[in-house]
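K.L.:
Here's my sequence, what's the structure:
(2 chains)
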Amino acid sequence: DSGVTQTPKHLITATGQRVTLRCSPRSGDLSVYWYQQSLDQGLQFLIQYYNGEERAKGNILERFSAQQFPDLHSELNLSSLELGDSALYFCASSLGAESNYGYTFGSGTRLTVV
Amino acid sequence: DAKTTQPPSMDCAEGRAANLPCNHSTISGNEYVYWYRQIHSQGPQYIIHGLKNNETNEMASLIITEDRKSSTLILPHATLRDTAVYYCIVRALGLTDSWGKFQFGAGTQVVVTP
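P.N.:
Next up is the predicted model:
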């Protein structure tokens, strides 16, 4: 158990729908990072939040959004889902805005869009 | 452009040392070398990182050449549980844009056999 909790572990939904993925960072960590891993793209950085504020953006689609709440948990919202959004979505956390010692990743949410 | 080059796959016998190479010929002076691994469909796991000195922890050793253009991750006594994709990543600290985040390439698929 890495200390980073992601729910749900599996999600199956239809095209056009909207889903919310949840991440609780490791205790004491202020940064949350979201990554997408699909078969053809590998692990792609999506977005980072630090202490409630957006810190950095990567390859995140406009249909996707995220936020970090005062209790530091984060949610990734995916809307107008397409078949190509099927992927593993990982959340990671770190103590500061940047981590010298790497990120701690959760076990992921597997999203299947049918 | 890829910052690191790794062999796509390698096999290792259980109990033997596994030496995983990584080329990073364009590494900058302020960039660290990080290693992560990902056991099938689990979240990536931080292994070790270094700037120019060799580093060792309970998981592995990192040997960085004097010119810093390549490095080797050493798993001293490989076990079946070490079967995973190993990612070598170069990254500068202190950057706030997306390139300051961990950018995962294709990695090396390591298979440890009995």
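K.L.:
Chain B contacts on chain A?
P.N.:
Within chain A, the positions near chain B by C-beta under 8 Å from any C-beta of the partner chain are A:2, A:4, A:33, A:35, A:42-45, A:48, A:55-59, A:88, A:90, A:92, A:97-98, A:100-108, A:110. Quick note: C-beta positions are derived from backbone N, CA and C, even for glycine.
K.L.:
at 10 Å what do you get?
P.N.:
Within reach of chain B by C-beta under 10 Å from any C-beta of the partner chain, chain A has these residues: A:2, A:4, A:6, A:33, A:35, A:37, A:42-48, A:50, A:55-60, A:88, A:90-92, A:94, A:97-108, A:110.
K.L.:
Put the buried members of those residues into a ChimeraX selection.
P.N.:
In ChimeraX syntax, the buried subset of the residues of chain A next to chain B is picked out as below (16 or more other C-beta atoms under 10 Å in any protein chain shown):
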select /A:2,4,6,33,35,37,42,43,44,45,46,47,48,50,55,56,58,60,88,90,91,92,94,97,98,99,102,103,104,105,106,107,108,110
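K.L.:
Give me the most central residue, chain A.
P.N.:
Centroid check for chain A by C-alpha atoms, centre = their mean gives residue A:34 as the closest residue, at 3.2 Å.
K.L.:
In space, what's closest to it - neighbours in sequence excluded?
P.N.:
residue A:46 (4.3 Å; C-beta to C-beta, 6 or more residues apart in numbering or on different chains).
K.L.:
Verify the assumption that the one you found is located in a strand.
P.N.:
Yes. The assignment for residue A:46 is a strand, going by DSSP: H, G, I helix; E, B strand; the rest coil.
K.L.:
My guess is it contacts residue A:57. True?
P.N.:
Yes. Between residue A:46 and residue A:57 there is a contact at 7.8 Å, judged by C-beta atoms under 10 Å.
K.L.:
So is stretch B:36-46 next to chain A?
P.N.:
Yes. Residues of stretch B:36-46 contacting chain A under C-beta under 10 Å from any C-beta: B:36, B:38, B:41, B:42, B:43, B:44, B:45, B:46.
K.L.:
What subset of these is buried?
P.N.:
For the residues of stretch B:36-46 next to chain A, buried by 16+ other C-beta under 10 Å: B:36, B:38, B:42, B:43, B:44, B:45, B:46.
K.L.:
re the thing from before, I'd guessed the residue nearest to the centre of chain A sits against residue A:88; true?
P.N.:
No. Taking contacts as C-beta under 10 Å, residue A:34 lies outside contact range of residue A:88: 11.4 Å.
K.L.:
Show the contacting residues for residue A:28.
P.N.:
A:3, A:72, A:93, A:95 (C-beta atoms under 10 Å, 6 or more residues apart in numbering or on different chains).
K.L.:
Nearest residue to the last one in space, please, no chain neighbours.
P.N.:
This means residue A:95. residue A:29 (5.4 Å).
K.L.:
what about that neighbour, neighbour count?
P.N.:
20 (other C-beta atoms under 10 Å in any protein chain shown).
K.L.:
cool, and residue B:90?
P.N.:
Counted with other C-beta under 10 Å, residues neighbouring residue B:90 total 20.
K.L.:
quick one, strands of chain A?
P.N.:
Using DSSP state E, the strands found in chain A span residues A:5-7, A:10-13, A:19-24, A:31-38, A:42-50, A:53-57, A:64-68, A:74-78, A:87-94, A:104-105, A:109-113.
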